[in-house]
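Q: structure of the sequence below:
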Amino acid sequence: MTFMEKQYSTEEINLYNPAYVGVVLYQSIREYEAMNPSGFHCGLTYIVAPMSISPRYSKILPATVATPVSGWVAEHEGELIGFANVVSAYADSVNSAIAFLLEHEAVLIDDEGRYFLSDIVLPQKPSYVFKNKNFKDSFLAAGLLGRWFSGASNVESVYAQLGIRP
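A: The predicted structure is shown next:
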């Protein structure tokens, strides 16, 4: 029995798997890049993972990317209590997922800390994602977050509005 198996259930291990989180982040980067080719800021990965993987947050995401982040935060401030701690708790999983994506050359990073998709392309609607409801929900939420954050003025404002201190 490994350390992870002692501490987490099988479902939790699967959710923290670098490939799983990597696919979710890849989708967010892809959707962000489709709307804003300037590159996906590395700091956004730490927000996208918990917001898309945790049903607590993914269920309250806006229906449209036209919703301002500040308005959404004000509407859901009760549900976002402790979100900064959740972001910190996901940090190791996000770091492992990004290392996985970089190692497999699925994404590239520039000198300014922005991620871009490489020439290696994952399918738009991978069958392995859509066969599992939780994976599908996380994947779709990540895409929405990528599109939503692509319209934000900067990553610092997103962090500030969500009450996260880097």
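
Q: determine the longest helix present in this structure.
A: If you go by DSSP state H, the chain has its longest helix at helix 83-103.

Q: that one: what's the following helix or strand?
A: Beyond helix 83-103 on the C-terminal side, the first helix or strand identified by DSSP states H and E is strand 107-109.

Q: just the mean pLDDT for that following strand, thanks.
A: The pLDDT scores in strand 107-109 average 96.

Q: quick check: Thr45 touching Val94?
A: Yes: Thr45 is within contact range of Val94, at 5.2 Å (criterion: Cβ atoms under 8 Å). Every C-beta, even on glycine, is put in place using the N, C-alpha and C of the backbone.

Q: overlap of the contact sets of the two?
A: Counting by Cβ atoms under 8 Å, 6 or more residues apart in numbering, the shared contacts of Thr45 and Val94 are Leu25.

Q: for this structure, which spans come out with low pLDDT?
A: Along the chain, the model assigns pLDDT under 70 to residues 1-15, 166.

Q: what ranges does this structure have for its helices?
A: Remark: helices assigned in the chain by DSSP H are 3-7, 10-15, 18-35, 45-53, 55-58, 69-75, 83-103, 127-130, 133-150, 155-161.

Q: can you lay out those as CSV showing mean neighbour count and distance to Asp110?
A: Shown next, in CSV, are the helices of the chain (neighbours: other Cβ atoms under 10 Å; distance: least, Cβ to Cβ, whole Å):
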stretch, mean neighbour count, distance to Asp110
helix 3-7, 9, 32
helix 10-15, 13, 29
helix 18-35, 23, 12
helix 45-53, 25, 15
helix 55-58, 16, 28
helix 69-75, 14, 24
helix 83-103, 17, 12
helix 127-130, 12, 27
helix 133-150, 21, 17
helix 155-161, 16, 14
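
Q: possible to save those as TSV with distance to Ile120?
A: Putting the helices of the chain into TSV (distance: least, Cβ to Cβ, whole Å) gives the following:
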stretch	distance to Ile120
helix 3-7	27
helix 10-15	23
helix 18-35	10
helix 45-53	18
helix 55-58	26
helix 69-75	31
helix 83-103	10
helix 127-130	16
helix 133-150	18
helix 155-161	25
